[in-house]
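Participant: Generate a structure from the sequence data that follows.
(one chain, ligands or ions: 2)
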Amino acid sequence: MGEIDRAYIQNPDHRSKPRTVDVDAIAGEIPVINLSLGNEQLVSQVGSACEAWGFFQVINHGVPVELHKKIEICSKKFFDQSLEEKKKVARDETNSLGYYDVEHTKNVRDWKEVYDYLISNSVQFPASPDLQDPELRTITNRWPQYPPEFRETLEEYGREIEKVAYKLLELVALSLGLPARRFHGYFQEKQLSILRLNYYAPCPLPHLALGVGRHKDSGALTLLAQDDVVGLEVKRKSDGDWIPVKPLPHALIVNVADCLQVWSNDKYESVEHRAVVNSEKGRYSFPFFFFPAPQVVVKPLEELVNEKNPARYREYNWGKYYANRIYGDFKKREVDNLQVHHFTIQD
Ligand SMILES: O=C(O)CCC(=O)C(=O)O
Ligand SMILES: [Fe+2]
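Facilitator: Ligands and ions are numbered 1, 2, ... in the order given. Predicted coordinates:
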């Protein structure tokens, strides 16, 4: 039996438990949507999946299969390098982009290595989470030398996944009875969207640690590609049970994130999820975090609130909110990160 550092050990309530039921049968409950269907069917399927699960998979989404393979190969080559090589593109306190292997989710260290990049290559980002501080600083991608095809492949993947994200955003808008492009303006001026390469190495004590601890994503939508190793689990809304998401070849897993929860005034909820690890196989996953531009003010949409359904959140500035999350990543904290529930309006 191996050993792991105490920093990775989850509180017993949050550890993954051995399954007693047929994983395939329960995983099959999460909707799979064929994006080549007509809009009318898609709008209704996306709307139902957002309401019932906050999670679904899409197939026939248009990202070329070869590109998916290429990004997997690039990731393997990158993460297989020595720590010293990877640290040449390490994130730091002034620029959170690049490589890191120390992230805490709810104050427990995640069993993972990560590489983050912006799809816009560089953006103006708040220099601090302090609401009174107007200073912006430019953050720019850090590209490694090796493998040589890394930058080109990742940039191409960014362009392709962005197209799918806009299509999904349209379907979501239509499913809420809004014009198709209702959300587009929030993203068009230098969106903060990030692509992440996650590597979860085999873990000698997988029942004690998690690849990513339970959390909700903070942006609008997340679109995740992955290899064929099981790992992602979703907290089922009906009973709070952790349900594994079955890897389907070349599918994307989509989830509602916090901004959409607020825009829709809780019609679509951002659902908790986590990634479990195993002792045999490493796992790669590639989430695309579809983030609005930093200056966007997030609040329930006026079209969706009325006397019977009053706004449930106060407005917040997306850039500052995200800055709070990012700057908090550098240390273990005594208090929780900022979360959307901190903006809830009490009855
Ligand atoms: O790797 C996964 O399956 C999940 C990753 C995730 O939830 C995240 O990075 O926010
Ligand atoms: Fe996530």
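Participant: Pull up the residues of the stretch 51-200 of the chain that are close to ligand 1.
Facilitator: Contact residues (CB under 6 Å from any ligand atom) of the stretch 51-200 of the chain with ligand 1: 196, 198. Quick note: C-beta positions are derived from backbone N, CA and C, even for glycine.
Participant: so where do the strands sit in the stretch 51-200 of the chain?
Facilitator: Counting by DSSP state E, counting those that start in this stretch, the stretch 51-200 of the chain has strands at residues 55-59, 98-100, 104-105, 108-109, 113-118, 122-126, 136-140, 194-200.
Participant: comparing those, which gets the lowest mean pLDDT score?
Facilitator: Lowest mean pLDDT of these: strand 104-105, a mean of 84.
Participant: Relative to it, what are the paired strands and their orientations?
Facilitator: strand 108-109 (antiparallel) (DSSP bridges).
Participant: chain center to the strand it pairs with: distance?
Facilitator: 18 Å (CA atoms, centre = their mean, to the nearest Å).
Participant: just stretch 236-248 next, same as before
Facilitator: For stretch 236-248, the distance from its own C-alpha centre to the chain's C-alpha centre is 16 Å (CA atoms, centre = their mean).
Participant: give the contact list for the residue in the stretch 51-200 of the chain that ligand 1 sits nearest to.
Facilitator: Of all residues in the stretch 51-200 of the chain, the one sitting closest to ligand 1 is Asn198 (4.8 Å; CB to the nearest ligand atom). Residues in contact with Asn198, defined by CB atoms under 8 Å, 6 or more residues apart in numbering, are 112-114, 211-212, 275, 283-287.
Participant: ok, now Ser36?
Facilitator: Asn60.
Participant: And the pLDDT for it?
Facilitator: As predicted, Ser36 sits at a pLDDT of 97.
Participant: can you confirm it is in a helix?
Facilitator: No - under DSSP: H, G, I helix; E, B strand; the rest coil, Ser36 sits outside any helix and is assigned coil.
Participant: The single nearest residue of the stretch 101-250 of the chain relative to ligand 1 - how many residues pack around it?
Facilitator: Closest contact between the stretch 101-250 of the chain and ligand 1, by CB to the nearest ligand atom, is at Leu232 (3.4 Å). Residues near Leu232, counting by other CB atoms under 10 Å, number 26.
Participant: cool, and Thr222?
Facilitator: Using other CB under 10 Å, Thr222 has 24 neighbouring residues.
Participant: For it, give me the pLDDT.
Facilitator: 98.
Participant: Show me what counts as buried in stretch 123-137.
Facilitator: 123, 125-126, 129 (16 or more other CB atoms under 10 Å).
Participant: which of the residues you listed lies closest to Tyr8?
Facilitator: Pro129 (26.8 Å; CB to CB).
Participant: Quick one: residues contacting the nearest residue to that closest one once chain neighbours are set aside.
Facilitator: Once flanking residues are discounted, Pro129 sits nearest to Asn324: 3.8 Å by CB to CB, 6 or more residues apart in numbering. If you count contacts by CB under 8 Å, 6+ apart, Asn324 has them with 129, 337-338.
Participant: Can you name the helix or strand that Asn324 falls in?
Facilitator: Asn324 belongs to helix 318-328 when assigned by DSSP states H and E.
Participant: ok so, going back, of the contacts of Asn198, which belong to strands?
Facilitator: 113-114, 212, 275, 283-287 (DSSP state E).
Participant: Go through the strands of the stretch 51-200 of the chain and name the closest to Asn255.
Facilitator: Here strand 55-59 is closest among the strands of the stretch 51-200 of the chain (CB to CB), at 4.7 Å.
Participant: can I get the contacts of Asn324 in JSON lines with pLDDT?
Facilitator: JSON lines is the format used below for the contacts of Asn324 (pLDDT from 0 to 100):
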{"residue": "Pro129", "pLDDT": "87"}
{"residue": "Asn337", "pLDDT": "73"}
{"residue": "Leu338", "pLDDT": "82"}
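Participant: and the gap between the residue of the stretch 101-250 of the chain closest to ligand 1 and Leu192?
Facilitator: According to CB to CB, to the nearest Å, Leu232 and Leu192 sit 23 Å apart.
Participant: Equivalent analysis for Gly38, please.
Facilitator: For Gly38, the distance to Leu192 - CB to CB - is 32 Å.
Participant: ok, those two, which is more surrounded?
Facilitator: Leu192 (25 against 7).
Participant: I'd like to check which residues are in contact with that one.
Facilitator: Taking CB under 8 Å, 6+ apart, we find Leu192 in contact with 118, 120, 123, 125, 291-294, 318-319, 322.
Participant: change it to 10 Å
Facilitator: Contact analysis of Leu192 by CB atoms under 10 Å, 6 or more residues apart in numbering lists 118-120, 123-125, 139, 219, 289-294, 296, 318-319, 322-323, 326.
Participant: Kindly report the same for Ala165.
Facilitator: 61, 119, 187, 191, 193, 219-223, 252, 254, 288-290.
Participant: Centroid-wise, who is the farthest residue in the protein?
Facilitator: Seen from the C-alpha centroid of the chain, the residue lying at the greatest distance (CA atoms, centre = their mean) is Glu307, 33.2 Å away.
Participant: Helix, strand, or coil at that residue?
Facilitator: From three-state DSSP, the assignment for Glu307 is coil.
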